[in-house]
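# quick one, structure for this:
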Amino acid sequence: MIQLTINGKGHSYDGDPSMPLLWFLRDVADLTGTKYGCGMALCGACTVHLDGQAIRSCVTPVAAAAGKKITTVEAVGADKVGHAVQAAWQKLDVVQCGYCQSGQIMSATALLKSNHKPSDADIDAAMSGNVCRCATYVRIRAAIHEAAGTLSA
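Numbering: from 1, shown residues only. Alright, predicted model coming up:
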């Protein structure tokens with residue numbers, strides 16, 4: 001039996017330990033904010049936090065998350081950094097189609113938790129694994145700067 005803590009709530013799983021965490025989140029825990037994009041950790045749509053680190057849930061086995069704290073986009077706004085990122089996303093109207101944005105928000109939040117005043121180069125490096133087919137990269141970078149400014153005020 002695998003014990004998982006997702007968004008502060010306990011979950012038990014008695015299935016295939018190699019199943020990707022993404023499918024547990026979406027199909028078992030019914031947390032559908034985390035998206036399937038490529039299934040190969042190349043696009044970032046499936047990004048969640050595992051003990052505060054941004055990871056790709058499409059290639060992370062459920063067993064690798066046992067005993068660790070998993071945070072999804074559904075709960076990232078409960079913390080001040082995640083809330084600032086979400087508020088900046090709304091203020092600057094970042095989202096176009098929206099499909100990649102949960103992964104973008106999760107990566108941006110992880111960045112700002114480790115680097116409170118990122119440069120453009122820091123942002124580009126941290127966000128490089130997140131693909132946006134609508135090319136909202138300029139607005140994403142601006143929103144990260146906006147959130148950083150809000151947090152430092």
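
# tell me the contacts of A147?
V81, A84, V85, A87, A88, A108, L112 (C-beta atoms under 8 Å, 6 or more residues apart in numbering). To be clear about C-beta, it is placed using only N, CA and C from the backbone, and glycine gets the same treatment.

# now the residue in the chain sticking out farthest from the centre: how far from Y13?
Centroid-distance maximum for the chain: M1 at 25.9 Å, with C-alpha atoms, centre = their mean. M1 sits at a distance of 7 Å from Y13 (criterion: C-beta to C-beta, to the nearest Å).

# again with L111
Where Y13 is concerned, L111 sits at a distance of 30 Å (C-beta to C-beta).

# so for the residue most central in space within the chain, what's the pLDDT?
In the chain, the centroid-proximal residue (C-alpha atoms, centre = their mean) is M106; its distance is 2.4 Å. Per-residue confidence (pLDDT) for M106: 98.

# and the helix or strand it falls within, what does it pack onto?
Assigned by DSSP states H and E, M106 belongs to helix 101-114. Contact here means 3 or more C-beta pairs under 8 Å, 6 or more residues apart in numbering; DSSP states H and E; on that basis helix 101-114 packs against strand 47-50, strand 53-56, helix 80-91, helix 120-127, helix 137-152.

# now with 10 Å?
Packing contacts for helix 101-114, counted by 3 or more C-beta pairs under 10 Å, 6 or more residues apart in numbering; DSSP states H and E, involve strand 47-50, strand 53-56, strand 69-71, helix 80-91, helix 120-127, helix 137-152.

# mind listing what's buried along that helix?
Neighbour counts over helix 101-114 (16 or more other C-beta atoms under 10 Å) mark 101-113 as buried.

# which one of the contacts of A147 is nearest R133?
For the contacts of A147, the residue nearest R133 by C-beta to C-beta is A108; the value is 17.7 Å.

# rewinding a little: kindly reformat the buried residues of helix 101-114 as JSON lines containing distance to A135.
Below are those laid out as JSON lines (distance: C-beta to C-beta, whole Å):
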{"residue": "Q101", "distance to A135": "13"}
{"residue": "S102", "distance to A135": "18"}
{"residue": "G103", "distance to A135": "15"}
{"residue": "Q104", "distance to A135": "12"}
{"residue": "I105", "distance to A135": "17"}
{"residue": "M106", "distance to A135": "19"}
{"residue": "S107", "distance to A135": "16"}
{"residue": "A108", "distance to A135": "16"}
{"residue": "T109", "distance to A135": "21"}
{"residue": "A110", "distance to A135": "22"}
{"residue": "L111", "distance to A135": "20"}
{"residue": "L112", "distance to A135": "22"}
{"residue": "K113", "distance to A135": "26"}
